[in-house]
Structure formats: structure tokens, C-alpha cells
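1. below are the sequence and a predicted model for it; my questions follow.
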Amino acid sequence: MTTVEKSPAPSASIAQPFFRPKSSKICDQHWQKLAIVYVRQSSPQQILENRESTARQYALADDAVALGWTKDRVLVIDEDQGQSGARSEHRLGFQRLLAEVTMDHVGLVLGLEMSRLARSSKDWHHLLEVCGLFGTLLADQDGVYDPGDPNDRLLLGLTGIMSEVELHTMRNRLERGRMNKAQRGELFHGVPMGYVIQPSGEVEFDPDEQARTVIRMAFEKFDELGSLYSLFHYLVKQGIRMPVRVRKGARRGQLEWRRPSLPSLSQMFHHPIYAGAYAYGRRLTDAKQTYGPRGRRTKRWGTIDEWKVLIRDRLPAYITWDRYINNLERLKQNQTHETS
């Protein structure tokens, strides 16, 4: 949370205030409290590319002054930069805003548009409820609203519904685009060890011959030893390291040799790419967990029948599909024996 003196200066093109200096809804009881300017962009990319919107949001501090607040009673909350408005749990700035309102410190909340405050009907109506209870006004570039007034409350409620629908529309559009690309077998967020993504987008074997040899040897030894634990102990005892391509940082794309681990080996034997198959949607989200003890959505690995997309013989393979299925069955049997 920052004061208006610390906010970046607005550009000359947006120096004029959005609001008229007078509003019949604003009275002395509002001027005696704070005017809070809430600033938010949904993602780090928007912060970098949509700087005009960010500058306009900071410039709302000048609009608060034009509406009658002194500069020392204008507060800018900008902790939620780069945070989605879909949920409030991880938005510390929004939680701080609610706390200030419920402590009866706020006379006016300003946002460039109401969707900046919340895109969830639950969060939006909670904000309206507390603002109406404590006599706090809301304002955007279209005007000043009193959540305690029935007409304004109706208008704000409709605004919140439209904002949430807009969010779902954007999500559905993005998901359809991802699904179309996945159904062509062209959507990759990364590839496991033993593979690389070419600049053209095609997936090929790792160009390093030793890396390919180690991957093939791991599958052969698993067939011989019969369990993941035995394979892990064999690799460690023999001092064999696994080929990993760095995904981030200055060494991105370079080959590193790392000590094997059970999680990385398990991921390797569960990944269908080694059998030449393209798969998308292997991890499934359980939205009901949002209301569970942990309060967040969880993901689980789905069965083959639950995968959204499966295209066999789409990619270069280290093993056959039948061998992949047999490996999965053996891993499952081993797990059953270990827990029994």
C-alpha cells in the first residue's frame, strides 16, 4: 500500500480528471475518511505491455483530489499488480482494501473500471455489502455510486455479473484455442529428458547420443530388474546420471547431467511420449477442493481413458506402446506389493 506521493506521474494525455469536481453523493462524512485508489493488472505481461492502463489507474489519485479529497487522504493500493481478479484469496491488496472499509476508514474506493476490483460475483457482492454497510462510495470513470442506494446497487450488481461473464468468455476462448492445437498434437509446454523442441515446434530425440543411450538403458534395466526402486539403486550405485535440459535462466537449453531421483524416474515411466504418443490433459483439476480444508483446487493424474487428447504414433519413440502399458501395470503391481 503506497501513498499518492509515491505513485508514478500520469502522462500528459491522461492528466485531465475523469470525474466532475462535484457529486451530490459525496458529503462531509466521506471527505473525512480516506479515498482509496485500487490498481491492478491481471498478469506480468499486461504490466509490461499495457502501461497506458497502469498509468491511467495511478492517475485516479488526481481524480480523488478533484472530487474534494486532500492529497494526504488519498491512498493507492497496488500490491495486486500481476494478479488475476478471478479470486481474492491471494490478492493481499484486495484483502487490505476490505479491511480498511470494515474499519470504517474509507469514504471512497476508485478503480478505472469495476472489473479491476473483482471478476468474481462472490467477491464483488461481498465488497458491495461491506461498502453499503459502512457508507463507502464506489467510483469508476463513468461516475460515483452509492452501494446503499437501491438503484446504484442494482447497476453495480449487473456490472459485476457482466464482468464475471466476460472473464468466463475469455477463459473459454483461450481453452478452445489450446484444445484445437492439442488435438493436432502441436501444443507443448515442455518435453521430458531425452527429447528437445526444435525452433519449428517439432519434437525430436535429444541430439546428444549419450543422452539417448542413457534413456534406452534405463528402460532396458527396468525390464531386467523389475522395479523402479531397483533401477534407482542401480543407477546410483553405478554413478549413472540422467540427461536434463535446463528450461530457465541463462543456461536454458543446455544439457546437464543430474543424479537420478525416484520422482524423475517415475515421471519418465509414466510419460506416454516415450512410447511415441502425444497426450494432453493428463492432470485433472478438482474444483470441489476449493471448499475443502486446504481451500485450493488440486490436481490428480487421470487414467488413460480420462486424458483429453491422446494421439499414438505422433512422436519419436524409445519404446513401443505395448511396452509402455506393461511398464505401467508393473509399476502398479509393485506399488500394491509395497503397501500391502
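-> In hand now; what should we look at?
2. mind telling me what element the residue of the chain most remote from its centre is part of?
-> Of all residues in the chain, Glu224 has its C-alpha farthest from the mean position, at 42.4 Å, by CA atoms, centre = their mean. Assessed by DSSP states H and E, Glu224 sits inside helix 209-225.
3. what comes into contact with the helix or strand just after that helix?
-> Using DSSP H and E, the helix or strand that follows helix 209-225 towards the C-terminus is helix 228-237. With contacts defined as CB atoms under 8 Å, 6 or more residues apart in numbering, helix 228-237 is touched by 218, 221-222, 225, 240, 242, 259-262, 265-266, 269, 331, 334. No exception for glycine: its C-beta is placed from N, CA and C like everyone else's.
4. gap between the longest helix belonging to the chain and the chain center?
-> Ordering each helix of the chain by length in residues (DSSP state H) puts helix 150-183 first. When distances are taken as CA atoms, centre = their mean, to the nearest Å, helix 150-183 is centred 16 Å away from the chain's centroid.
5. taking the mean pLDDT, what do you get for it?
-> Averaged across helix 150-183, the pLDDT comes to 83.
6. what are the buried residues along that helix?
-> Buried residues in helix 150-183, counted by 16 or more other CB atoms under 10 Å: 152-153, 156, 159-160, 163-164, 167, 182.
7. next SSE downstream of it?
-> The element immediately downstream of helix 150-183 (helix or strand, assigned by DSSP H and E) is strand 195-197.
8. what does that next one contact?
-> 188, 190-191, 203-207, 245, 253, 273, 315-316.
9. check which helix or strand covers Asp63.
-> Following DSSP H and E, one finds Asp63 within helix 60-66.
10. give me the buried positions along stretch 248-268.
-> 255, 260, 265, 268.
11. looking at the residues you listed, point me to the pair that's furthest apart.
-> Using CB to CB, the two most remote members of these are Leu255 and Leu265, lying 18.3 Å apart.
12. Asp142: which of the buried residues of helix 150-183 is nearest?
-> Of all those, the one with the least separation from Asp142 (CB to CB) is Thr159, at 9.3 Å.
13. thought that closest one was touching Leu117?
-> No - with contact defined as CB atoms under 8 Å, Thr159 does not count as touching Leu117 (10.0 Å).
14. so which residues of this protein form strands?
-> 2-3, 34-38, 74-77, 106-110, 137-140, 143-145, 195-197, 203-205, 242-245, 255-258, 278-280, 283-286, 298-301, 309-311 (DSSP state E).
15. distance from the chain centre to the second one, please.
-> Centroid separation for strand 34-38 versus its chain: 26 Å, with CA atoms, centre = their mean.
16. can you select the buried ones among the contacts of strand 195-197 for me in ChimeraX?
-> The ChimeraX selection below is limited to those of those classed as buried (16+ other CB under 10 Å):
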select :188,191,203,205,206,245,273,315
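17. from the contacts of strand 195-197, which is closest to Ser43?
-> Gly190 (19.7 Å).
18. re the thing from before, turn the strands of the chain into JSON lines, including distance to Ser84 and mean pLDDT.
-> Below are the strands of the chain laid out as JSON lines (distance: least, CB to CB, whole Å; pLDDT from 0 to 100):
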{"stretch": "strand 2-3", "distance to Ser84": "21", "mean pLDDT": "48"}
{"stretch": "strand 34-38", "distance to Ser84": "15", "mean pLDDT": "94"}
{"stretch": "strand 74-77", "distance to Ser84": "16", "mean pLDDT": "93"}
{"stretch": "strand 106-110", "distance to Ser84": "19", "mean pLDDT": "94"}
{"stretch": "strand 137-140", "distance to Ser84": "19", "mean pLDDT": "91"}
{"stretch": "strand 143-145", "distance to Ser84": "24", "mean pLDDT": "89"}
{"stretch": "strand 195-197", "distance to Ser84": "27", "mean pLDDT": "95"}
{"stretch": "strand 203-205", "distance to Ser84": "30", "mean pLDDT": "95"}
{"stretch": "strand 242-245", "distance to Ser84": "30", "mean pLDDT": "95"}
{"stretch": "strand 255-258", "distance to Ser84": "34", "mean pLDDT": "94"}
{"stretch": "strand 278-280", "distance to Ser84": "23", "mean pLDDT": "94"}
{"stretch": "strand 283-286", "distance to Ser84": "15", "mean pLDDT": "79"}
{"stretch": "strand 298-301", "distance to Ser84": "18", "mean pLDDT": "76"}
{"stretch": "strand 309-311", "distance to Ser84": "26", "mean pLDDT": "94"}
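19. many thanks, we can stop here.
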